[in-house]
Every structure is written in structure tokens, then in C-alpha cells.
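Asks: Curious how this folds, go ahead:
(one chain, ligands or ions: 1)
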Amino acid sequence: MANYYRQAAGETAISCERIDSVEKVLQGGTIVDPSQRLHGRYDLLIRDGLVAEIAEKISARGRKPVDVSGLVLTPGLIDLHTHLREPGEEHKETVLTACAAAVAGGYTAVTAMPNTNPVTDDAGKVRHIKRLAAKAGLARVFPVGAVTKGLQGRELSGIAAMVSEGACAVTDDGRGVQDSGLLRQALQVCARCDIPLLEHCEDETLAGCGQVHEGEIAEKLGLPGIPASSETVMVARDALLSAETGAHVHFMHVSSASSVEIIRLAKKYQLNVTAEATPHHLLLSEAAADGYNTAAKMKPPLRSEADRQALVQALAENIIDVVATDHAPHAEVEKEQDFTAAPFGVVGLETAFPLLYTYLVRPGIITLDRLVAKMSCRPAEILKLPYGTLAPGSPADIAAFNLQEERTIDSNFFCSKGKNTPFHGWKVYGFPVMTIVGGRVVMRDGVINYGEGLEQ
Ligand SMILES: [Zn+2]
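Replies: Numbers count the residues shown, from 1 in each chain. Prediction:
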């Protein structure tokens, strides 16, 4: 079995997959691929790391048969919002452990947020992330550059140079760009480079030192609140600046009903905006932080039940384009501190699909096809990546899920170093059972295939 590295022409991605030269036929699965409006029982042939054919029956003669009967196969999930923590905070996560968590969760591609140490704010640092990802050799990693040097919000970073090195977008995530004039300049560069600016919408003068949503729980716990307006004023400002510059603004982790209404209006006027919501904002409200539960402390904070319902409605109506995890691992000792000292953030890669399948698809709130579109096809479109599809000729990046079996989420078994989830103990269907990247099986039944000769 010959393995080799492959670099597809014109790809901004890192092609770190090792390709299995043996042709494989995935037999007996149900393929759900919204990019081709495909939903049915088909076999799938993989050749040279690409999807070669999808048909009702494909012969396994001279090929390796892989039994996927009873499973649902989708294009591999793509996460628009992942904190890999390396370089600089390897005690929380490394590129390798994050990639293992990704493929354990059915993700074949993740982004690398730039709020590391050092910050990814020049071409050399983008190159460094790509090197780390190639060494990990599991999921594809797409670096996202910082909008401003050091995330300081004062001076633009070299956006064009980072893009030519492979950055697929820019963001100051962890912070919003506070200076409107600077943001307008950044958007002009983004429009020229044809990349989206991913905005963490938070006006720091309104958010202050808030710890949870400004509402019932903040009052009950005596904690400073973060008003919904801290998000919504920035959504409104950015929508206006997108209209003026034509640049694509992608709103990250939208959390409030008022922000949804601004995005709805922006879309009505056909502005170049897209939006994401996280599994935690879709499934939990501020009540989860009751009892000073640091596992439910993140930014933006979990908001009211009415906000949560507005987000779910917006997801069903396509006002929210994608679901992204905002996977933000922290060490247990950090999250065990007092509520105000504990850092913001929760992990998400290993639980996103089963949670949303169980609590949004099974009750009939959205269809399975729409969920797959929001977790794979749309993220690929937003970043202009040749993934998120199983169309013949596409890279064979595939996730397989078991929708029948019920399991209990147990953070002790996460591949991620971060165990900080508010969903520990939840019962879910739809666990990923196989993940294929570039034709190579990188995860099967929860076991990660690190491959020969790759660092572990
Ligand atoms: Zn953020």
C-alpha cells in the first residue's frame, strides 16, 4: 500500500492527507449530500483520494469493500470557528489534539483562530500553522489571520501577505474590532483579497467586565451582566460598513434576538453578510450558568430563552447560515477557579453534530439535509474551499454517523485536552463512527488513525 502526500493545484488549503492508493467502495450507506441534493441509499467509490463515483451498486471486485450499512454518510463537517491554542497555550490544546477531536467529531476541516501566542498576524506565522497541521496529518487546517497586529486593534496586520500564504479569512476573534475607521480599512483590503472578515461582535464599552448575560441569572448570582446591545450595535455597524465596502462580513457566534433582526434586515437588502450560531447558543440559555457553573461561561454569554428560540428560528429560516463550534479548550484547573476568574469558552468539536441532530433534527425543527448543509456545504462556500461536497472529482472527505444508537456524552473520553463542556451527561443520537480525509480513514469507532511516521 503506497502512501504519499498530495498537493492539489490551486488549493489554499493544506493538503496533509496521505492517500491510500487502494480503491475503496463504501457499501450500504445512506448518502446525504445537500450540495448535490442527494439523499438516498448509494455506494461510493474512492480512488486516489477523490470521490470517483456514487451509484446504487458499485462492484467491490479488486477493491477494498468498507461496510457502512446502517450509517449516514455526509461530506466531512467543516468548522468555521476553532481555537487550536497552539502555538503558546499547549497545556489547553495542540494542533494535533484539536485535529484528533475534529475527526472524532466528524470534522474533516477546521479553521485556526489567530488568538494564539504569538498571534497569527503575518505570513510567517500562517506558514507555521500550516507546518504544524501537516505534521498532525489528520484534519485539514485553514489558518485565519488577525485583522490587527497582535489583536491590539490599533494597526492593520499584513492581510494580503497572509492571504497569499494561505490564510482563508481574517478575524480578531476573542475581541471585536473596536475602531470603526480601522475596520472600514480592513474591509476594503478584504474585498480586494476576496476573503471574508469574521467578526466577533462585542462593543467593549458596553460589555465592560460582564460575566454572564445581563438578565435574571446575573441578578440572582450578583454578577456583572453583558447586555445584548454589546453584540447588536457591532452587528449593525458592520452591516453598514459591509454595504459601503462590498466586503463579506461573517458574524460569528450570534447570540441575541436583536442581532438576528439586524441580520435579517441586512439580508433583505442583499448585503454581503453571513452568520453563524454555536450549538451551545442554540441549545442552552443563561440558566445553564446558574450555580456559578463555569462550564457554561463563554463569550458571547448564553442569553435568555427568548433569544435562544429566536436563534433556532433564524437557523430554520436560513438567516443563520452555518453552525460553528467556537471550540475553546481550557485546562480543568483554569475552569475550576471562581466564576469571575475562570476563562470564557467551551469545547465543541466532538459533540456538535450529535447534539444538533438529537435536539433539532429529531424533533423536526430542521431537516437532516439542512443541518449537513450548515455544518459542511455552507462553511465551504463561505471560505471558497473545494470541500463540503461528495460530487465526483471532489476530495473524499467524508463523515459517517450512526443515527440509531443512543449514547451519553462523557467528556472524560474526549480526544481534546479540553473537557470544558456544558453537555457532559447529555444523551444523544448521531455519534460519528467513521471519518475519512482525502480517502484515508482517520477515525473509526472513536479510534484515531494517526498513520505511520507521523508525530503523535
Ligand atoms: Zn469570539
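Asks: Quick check: phi and psi on Arg184?
Replies: phi -60, psi -40 (degrees, to the nearest 10).
Asks: ok, now which ones touch it?
Replies: Contact analysis of Arg184 by C-beta atoms under 8 Å, 6 or more residues apart in numbering lists 241, 244-245. (C-beta placed from N, C-alpha, C; glycine too.)
Asks: and of those residues, the nearest to Arg407?
Replies: When the contacts of Arg184 are compared for distance to Arg407 (C-beta to C-beta), Leu241 wins out at 44.5 Å.
Asks: Double-check that closest one against Ser180; I have them as touching.
Replies: Yes: at 7.1 Å, Leu241 counts as touching Ser180 under the criterion of C-beta atoms under 8 Å.
Asks: Please say which of the two ends up with more neighbours.
Replies: Taking neighbours as other C-beta atoms under 10 Å, Leu241 and Ser180 compare with Leu241 leading, 22 against 13.
Asks: could you say which helix or strand contains that one?
Replies: Using DSSP states H and E, Leu241 falls within helix 229-245.
Asks: can that helix be found next to the ion?
Replies: No: using C-beta under 5 Å from the ion, helix 229-245 stays clear of the ion, with a minimum separation of 10.4 Å.
Asks: looking only at pLDDT, what's the mean for the next helix or strand after that helix?
Replies: Next helix or strand after helix 229-245 toward the C-terminus (DSSP H and E): strand 249-251. Taken as a whole, strand 249-251 has a mean pLDDT of 98.
Asks: relative to helix 229-245, how tilted is the next helix-or-strand element following strand 249-251?
Replies: Helices and strands here follow DSSP H and E; after strand 249-251, the next one along the chain is helix 257-268. Inter-element angle recorded for helix 257-268 and helix 229-245: 10 degrees (by axes from the mean of the first three to the mean of the last three C-alpha atoms, to 10 degrees).
Asks: Any idea how far helix 257-268 is from the middle of the chain?
Replies: Helix 257-268 sits 22 Å away from the centroid of its parent chain (C-alpha atoms, centre = their mean, to the nearest Å).
Asks: Partner strands of the next helix or strand after that helix, with direction?
Replies: Moving toward the C-terminus from helix 257-268, the next helix or strand (DSSP H and E) is strand 273-277. Paired strands of strand 273-277, with direction, are strand 249-251 (parallel), strand 322-323 (parallel) (DSSP bridges).
Asks: Which residues of the protein lie near the ion?
Replies: 173, 200.
Asks: ok and the residue in the protein nearest the ion?
Replies: His200 (3.6 Å; C-beta to the ion).
Asks: neighbours around that residue, how many?
Replies: Considering only other C-beta under 10 Å, His200 is surrounded by 22 other residues.
Asks: where along this structure do the helices fall?
Replies: With DSSP state H as the definition, the chain shows helices at residue ranges 95-104, 123-136, 159-164, 180-193, 204-207, 216-221, 229-245, 257-268, 279-283, 305-316, 332-335, 352-356, 368-372, 378-383.
Asks: any weak-confidence spans in the stretch 201-350 of the chain?
Replies: Residue ranges of the stretch 201-350 of the chain with pLDDT under 70: none are present.
Asks: could you measure the residue lying closest to Pro432 once chain neighbours are set aside against Val323, distance?
Replies: Distances taken as C-beta to C-beta, 6 or more residues apart in numbering put Gly106 closest to Pro432, at 3.6 Å, once the chain neighbours are dropped. Gly106 sits 12 Å away from Val323, going by C-beta to C-beta, to the nearest Å.
Asks: Is the residue nearest to Pro432 in contact with Leu77, as I believe?
Replies: Yes: taking contacts as C-beta under 8 Å, Gly106 lies within contact range of Leu77: 4.9 Å.
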